[in-house]
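Colleague: Pasting the sequence and the predicted model now:
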Amino acid sequence: MKGGENMTKTKLIHAALSGAASLAFAIAPAMAATASNDTTGADSYNKAEVESETYVNVNQNNNASITNNISVKSNTGKNEANKNTGEGSVKTGDANATVSISNQANSNVVSVENCGCEGDLSASNNKTGADSKNKAEVEVKNKLDLNQNNNADVDNNVSVKANTGGNEANKNTGGGSVDTGDADVVVSITNMVNENKASVGGGSGGSVSASNDTTGADSYNEAEVEIKNYTDINQNNNADIDNNVDVWANTGYNEANKNTGEGEVDTGDADVEVVIENKANSNEADVDVCCDVELESSNEKTGNDSYNKAEAEVKNDLDVNQNNNSDVDNNGEVKANTGKNETNKNTGDDIDTGDTDVEVEVTTEVNENILNGEEV
C-alpha cells in the first residue's frame, strides 16, 4: 500500500446466554489474520489494523424449593375377641409400609471451546519508504464471563406407623389367643442437588509473528500482534436440607387375660430400615486458556536512523471462584416394639414375642470443589 491509511476492523460480539441447563459452543472460530504495509512511499503514513473482539457472558441460575410431607399408617391390629362362650382368638396379617423419596435438582453444565487463540496471526511492515510512518497491528481480545448459581431448599417430613398389635382376647370361657403378623417399615430418602460443571478449552493455537523488513531511512515502523484472553468463572451453591423422619413399628401391646383356658400371645417381628443420603454442592471446572502458539518477532534490514518495533504478545488472565454453603439437618425418632403384652389370670399363660430389628443409615456429602482434576 502506498500513502494514505488502510484500516480493517472486525468485531465479533456474542450476546449473553442464560437459563440453559447445558451449553456447548465455541467462542471464537478458527481464523487467520494478517495486517501488513508493503512497499510504502516516502513521507507517507500507513496503518493496517485487524481487530477481533469477542465477549461472551453465560449465566446459569437455578432455584429449587422442594417440600415432601408424607404420613403413612398401616394397621392390622387393635382387634378384640372378648367374653366369648368358647375360645377367643385373634390372628392379624402383616403391616408393611415403604416410603421412597428421591429429589434431584439444579444442575448446570457448560462447555466452551476455542477460548484462547485459534489460527495464524501476523503483522508486518515490508520495504517502507524514507521518512514514512508505518504501523501494522493485529489485536485479538477474548473475554468470557461464566456464572453458575444454584439455590436449593429441600424439606422432607415423613411419618410412618405400622401396627399389628393392640389386640385383646379377654374373659373367654375357652382359651384366649393373639397371634400378630409382622410390622415392616422401610424409608429411603435421596437428595442430590446443586452441581456445576464448566469446561473451557484454549483452542489448538497457531503461529503469531510480527516483523519489520527492509525499512527506509529515518522511517518509523511498528509491527505488533497482541492476544488477550480474560476468563472469569464463578460457581456458587447454597443448599438447605432438612430431613425429619418419625417411625413407629409395633406388634405388641396385646392382652389375653382372665380366660378360663390358656392365655396365649405370639407377636410378629418389628423391623425398621431408614436410609438417608444427601449429596449437595459440587463445583468442577476444567480450564485451559493458554495458547499453544509459536511466537516470533523480528527486525531485518533496517534503514539508517529508523525506528523499528516488532512485538508479539499473548496475555492470559484467569479468575476462578468456587463457593459452597450447606445446612443439612437430619432428625429422626424410631420406635420398634414387640413387647408390653399381658397374659394374666388365665389357667395357663404363654407369651412369645418376635424380634425388633432397627437399621438407620445416614450419608452426607457436601461442598466439593475441583479445578482441573484436583480437589481444592
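Modeller: That came through, no problem. Note that the coordinates shown come from a computational prediction; the quantities given were computed from them, not determined experimentally.

Colleague: CA atoms for contacts and neighbours, from now on please.
Modeller: OK.

Colleague: Which strand or helix spans the residue nearest the centre of the chain?
Modeller: The centre of the chain sits closest to Glu195, judged by Cα atoms, centre = their mean, with a distance of 0.4 Å. Following DSSP states H and E, one finds Glu195 within strand 183-200.

Colleague: what's the offset of that strand from the middle of its chain?
Modeller: Centroid displacement of strand 183-200 relative to its chain, using Cα atoms, centre = their mean, to the nearest Å, is 11 Å.

Colleague: Name the spans of the stretch 51-200 of the chain whose pLDDT lies under the cut-off.
Modeller: 114-118 (pLDDT under 70).

Colleague: can you do 80?
Modeller: Low-confidence segments of the stretch 51-200 of the chain (pLDDT under 80): 113-119.

Colleague: Ala48: which element?
Modeller: Going by DSSP H and E, Ala48 is in strand 45-75.

Colleague: Could you report the distance from the spatially closest residue to Thr363 that is not a sequence neighbour to Asn316?
Modeller: Once flanking residues are discounted, Thr363 sits nearest to Glu277: 4.7 Å by Cα to Cα, 6 or more residues apart in numbering. From Glu277 across to Asn316, the span is 41 Å (Cα to Cα, to the nearest Å).

Colleague: still on that earlier bit, I figured the residue nearest to the centre of the chain hits Ser282, correct?
Modeller: Yes: Glu195 lies in contact with Ser282 (Cα atoms under 8 Å); the separation is 4.8 Å.

Colleague: overlap in contacts of those two?
Modeller: Common contacts of Glu195 and Ser282 (Cα atoms under 8 Å, 6 or more residues apart in numbering): Asn237.

Colleague: Quick check: bridge partners of the residue lying closest to Tyr45 once chain neighbours are set aside?
Modeller: Nearest-residue entry for Tyr45: Lys133, 4.7 Å, with adjacent residues in sequence omitted and distances by Cα to Cα, 6+ apart. On the basis of DSSP bridges, Lys133 is bridged to Tyr45, Tyr220.

Colleague: I'd like the numbering to begin with 55 instead of 1 from here.
Modeller: Okay, residue one is now 55; in that scheme the one you just asked about reads as Lys187.

Colleague: ok, now which ones touch Lys187?
Modeller: So Lys187 contacts 97-100, 273-275 (Cα under 8 Å, 6+ apart).

Colleague: Many thanks, we can stop here.
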